[in-house]
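*Asks:* A structural model of the following input is requested.
(2 chains)
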Amino acid sequence: MHIPDGILPVGLAISGWIATGGLVALSVKRIESRPDPRAGIPRAAMMTAVFFAASLIHIPVPPTSVHLMLSGLMGAMLGWYAIPAIAIGLFLQAVMFGHGGLTTLGVNGIILGLPALAAFALPRQANRTGSALVQSAAGFAAGAGAILFAVALFTTILLAGLPAHLDADAERVAILTLAVAHLPLALAEGLVVAAVLGFLRRVSPELAHAS
Amino acid sequence: MHPEAFADTRLRLVGLFVLAFCFSSLHTPAALAAMLGITAIAVLYFGPKIPELFRRLRLPGLVVLGLVLMLPFASGQTVLGTIGPLGLRAEGLAAAATIALRFVSIFTLMAALIGNIPVPRLFEALRALGLPAMLTDMAVLTLRHIEDIRTNLSRMRTAMQLRGAAAGFWNGQFRATGWALASLILRSHARSERVYHAMILRGHGAPGAAPSAAFVPKPADWALLFALLAAGTALLVIDRLA
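*Replies:* The predicted model follows:
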């Protein structure tokens, strides 16, 4: 779900950089206001590497297979650290694999960063209830919701940024196709994120949620 | 002048970003043709490996390929011809060609200018350009983990396949993947903290630890930056005038 270089108009690409830059600056400010801002860096770096390598995890979803994105998991586990972590992950994917792009790095940061921030709040609230079922449901919603939110942002930005206008029918088909194509991924990611957070809650609760 | 004569990665990054944004703003055939010419010069000069370039193009190229195949049939009013029930339209064809050319040029330019620079060196350059120390520390630590985590993930998948995890799709496939991933996170986290503490002891992230002193621009670096900026300006002028 990365927009490559060359598709978006330059104004939109620059706006994406400004928005992601602002979001990273806000995150860094929030992190630096903590008693020990460096305490979360090892976890953030480790999760960035997991995010980077997530494309290796293929899960069979008949008739095809999907690979994980894990932006919801990053949000739930890292909180504000997720934004710089995703920005670094996207830069690495662009320069090492050519996945995504340089000019579109800002837009891609918004597409994955905002859903991660949304996923930060949900498991945190559910944790206060103490109910395992609610916590599992929140973990699923964080994983699946982050994918669906990212698909909505991706589709909106892509259709708004195309250098030619699609007719209404084609636009409707494109939106529907993208949404349906990502439903298996949302389902798979929701289940995997719920399983990861459930495991961590039992074994190492301090790792399961952002502090 | 040999490409290795350029030592300052900061100036190369600045030039790359400016030229990439210039490329992505082009629309006219004349400017797009000039852009291809500049990309060809960069390839001839810096010599990225062509097979490697094609290999790297495969994955990101899929999104672009999807658009390039769809747009000529889904966008525009002027029908050039029909293929079965589909009408091939001029505006969509022009948009598809513009996207494809800009994508390939930016991708190739990036490979030519920074493809042979070690990634840690890129982060040192970004730090010297003002990226906060927290982000560069996070990036350097991430680089140390990537190979480790990729190897462990690969081992984990093999172990899961040997245990027959792929056989059961709905009953346990996702839970098994999630638990294996959680185990990997637990193991890696402990190691990550140890490595980061060692990095702090070596001075990473400390005030004044910016590696800007490691970058001393040579005349060739300034010449390259000037050439890239001049090329970008020329492209914008051609695009406006054409």
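
*Asks:* from here on, contacts and neighbour counts on C-alpha atoms
*Replies:* Will do.

*Asks:* Tell me, domain by domain, which residues of chain B belong where.
*Replies:* Residue ranges for each domain of chain B read B:3-118+B:215-241, B:131-209, as given by automatic domain parsing.

*Asks:* ranking these by mean pLDDT, which is last?
*Replies:* With a mean of 78, domain B:131-209 has the lowest mean pLDDT of the domains of chain B.

*Asks:* can you give me how far that domain is from the chain middle?
*Replies:* Put simply, domain B:131-209 sits 22 Å off its chain's centre (C-alpha atoms, centre = their mean, to the nearest Å).

*Asks:* Is it positioned near chain A?
*Replies:* Yes: Domain B:131-209 reaches chain A (C-alpha under 8 Å from any C-alpha of the partner chain) through B:134-135, B:137-139, B:141-143, B:145-146, B:149-150, B:153-154, B:157, B:166, B:169, B:174-175, B:177-179, B:181-182, B:185-186, B:188-189, B:192-193, B:196.

*Asks:* coming back round to it: in a markdown table, list the domains of chain B along with mean neighbour count.
*Replies:* Below are these laid out as a markdown table (neighbours: other C-alpha atoms under 10 Å in any protein chain shown):
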| stretch | mean neighbour count |
| --- | --- |
| domain B:3-118+B:215-241 | 18 |
| domain B:131-209 | 17 |
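
*Asks:* All the helices of chain A, residue numbers only.
*Replies:* A:10-32, A:41-53, A:71-78, A:82-97, A:105-129, A:132-161, A:168-203, A:205-208 (DSSP state H).

*Asks:* what sits up against the first one?
*Replies:* Contact partners of helix A:10-32, identified using C-alpha atoms under 8 Å, 6 or more residues apart in numbering or on different chains, comprise A:37, A:80-81, A:83-84, A:103-110, A:161, B:21, B:24-25.

*Asks:* Mind listing what's buried along it?
*Replies:* Neighbour counts over helix A:10-32 (16 or more other C-alpha atoms under 10 Å in any protein chain shown) mark A:10, A:12-14, A:16-17, A:19-21, A:23-24, A:27-28, A:31 as buried.

*Asks:* now swap in the fifth one and tell me
*Replies:* For helix A:105-129, a neighbour-count test (16+ other C-alpha under 10 Å) marks A:105-124, A:126-127 as buried.

*Asks:* Let me know the closest of the buried residues of helix A:10-32 to B:Ala242.
*Replies:* Comparing those against B:Ala242 with C-alpha to C-alpha places A:Val10 closest, at 18.4 Å.

*Asks:* quick one: B:Thr82 is in a strand?
*Replies:* Yes: B:Thr82: assigned to a strand according to DSSP: H, G, I helix; E, B strand; the rest coil.

*Asks:* Leaving out sequence neighbours, find the closest residue to it.
*Replies:* Ranked by C-alpha to C-alpha, 6 or more residues apart in numbering or on different chains and with sequence neighbours excluded, the top spatial neighbour of B:Thr82 is B:Leu88, at 5.7 Å.

*Asks:* Give me the three-state assignment for the one you found.
*Replies:* strand.

*Asks:* how about the helices of chain B, start to end?
*Replies:* Per DSSP H, chain B carries helices over the ranges B:9-24, B:29-46, B:50-74, B:90-114, B:119-128, B:133-162, B:173-201, B:219-241.

*Asks:* would CSV of the ones you listed with distance to A:Asp169 be doable?
*Replies:* What follows is the helices of chain B, written out as CSV (distance: least, C-alpha to C-alpha, whole Å):
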stretch, distance to A:Asp169
helix B:9-24, 28
helix B:29-46, 29
helix B:50-74, 9
helix B:90-114, 15
helix B:119-128, 44
helix B:133-162, 42
helix B:173-201, 36
helix B:219-241, 32
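
*Asks:* for the residue nearest in space to the middle of chain A, what are its contacts?
*Replies:* Central residue of chain A (C-alpha atoms, centre = their mean): A:Ser71, 2.8 Å from the mean position. Taking C-alpha under 8 Å, 6+ apart, we find A:Ser71 in contact with A:Phe51, A:Ile86, A:Leu112, A:Gly113, A:Pro115, A:Ala116, A:Gly143, A:Ala146, A:Ile147.
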